[in-house]
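Novice: Provide a 3D model corresponding to the input given below.
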Amino acid sequence: MNLRRGKRILLCAAACIAAALCAPAQKSVWRQASQSELIAALPARAAVENEHIETEMRTASGIVDEHGRMIAGVVLLTAGYSADGKYSHYLVVQSPLRIGGFVLRPGQYAFGWTRGETRDTLAVHFNFASNGKLAGAAVAHRIADSTRLDSLHIWPPEEKSMIQIGRFTIPYKLAGE
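Specialist: Numbers count the residues shown, from 1 in each chain. Okay, here's the model as predicted:
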């Protein structure tokens with residue numbers, strides 16, 4: 001009787017382990033970050049190359065998952081700094097993020113844009129904040145029929161999977177899932 005019960009327990013445990021291994025990985029649930037979470041994650045003065053550039057915290061936007069990992073950005077106040085024209089935003093990435101054909105690994109980035117090939121696009125370049133080296137570039141497209149205008153808005157992946165810069169958006173995917 002004990003041997004039979006032990007076999008049943010062992011078979012049940014093996015079935016549970018097999019089911020857990022075969023089950024698809026759970027996706028993280030991301031939500032819009034609160035103002036207090038953004039203030040805690042983003043610096044008042046961002047270290048970009050050799051400068052410490054003020055940020056405009058009222059423009060901060062970001063997303064956070066249930067593990068506290070955040071992807072957040074803020075507008076840089078670059079007037080008077082050597083980064084003027086090269087960067088317009090600061091980005092903190094705590095979970096890998098695929099934008100276009102490249103992945104932003106966890107770290108700090110500064111990004112800026114120039115007009116694209118058409119009036120409906122922007123050429124956006126992402127640089128490592130520490131040294132200014134290019135991490136990757138992507139094309140942002142004009143939002144059709146948009147009434148919402150944000151200097152920066154990072155949408156949760158369950159809603160739109162987009163980074164909005166003014167009237168333009170760049171699609172992204174979470175690379176760690």
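Novice: need the longest strand for the protein.
Specialist: What stands out as the longest strand in the chain, according to DSSP state E, is strand 51-65.
Novice: So which residues make contact with the next helix or strand after it?
Specialist: Toward the C-terminal end, the helix or strand that comes next after strand 51-65 (DSSP states H and E) is strand 70-76. For strand 70-76, the surrounding residues in contact (CB atoms under 8 Å, 6 or more residues apart in numbering) are 33, 37-38, 41-42, 46, 48, 53-57, 59-64, 83, 87-95, 97, 110, 151-152, 154, 163. Where you see a C-beta, it was placed from the backbone N, CA and C, and this is true even at glycine.
Novice: Okay, angle between the very next helix or strand once past strand 70-76 and strand 70-76 too, please.
Specialist: Using DSSP H and E, the next helix or strand after strand 70-76 towards the C-terminus is strand 89-93. Taking axes from the mean of the first three to the mean of the last three CA atoms, to 10 degrees, one finds that strand 89-93 is oriented at 170 degrees with respect to strand 70-76.
Novice: For strand 89-93, which outside residues touch it?
Specialist: If you take CB under 8 Å, 6+ apart as the criterion, strand 89-93 is touched by 41-43, 46, 48, 53, 55, 62, 70-76, 104-112, 126, 129, 152, 165.
Novice: Tell me the bridge partners for the most centrally placed residue in the chain.
Specialist: Ranked by distance to the mean C-alpha position of the chain (CA atoms, centre = their mean), the top residue is residue 71 at 3.7 Å. Beta-bridge pairing for residue 71 (DSSP bridges): residue 63, residue 93.
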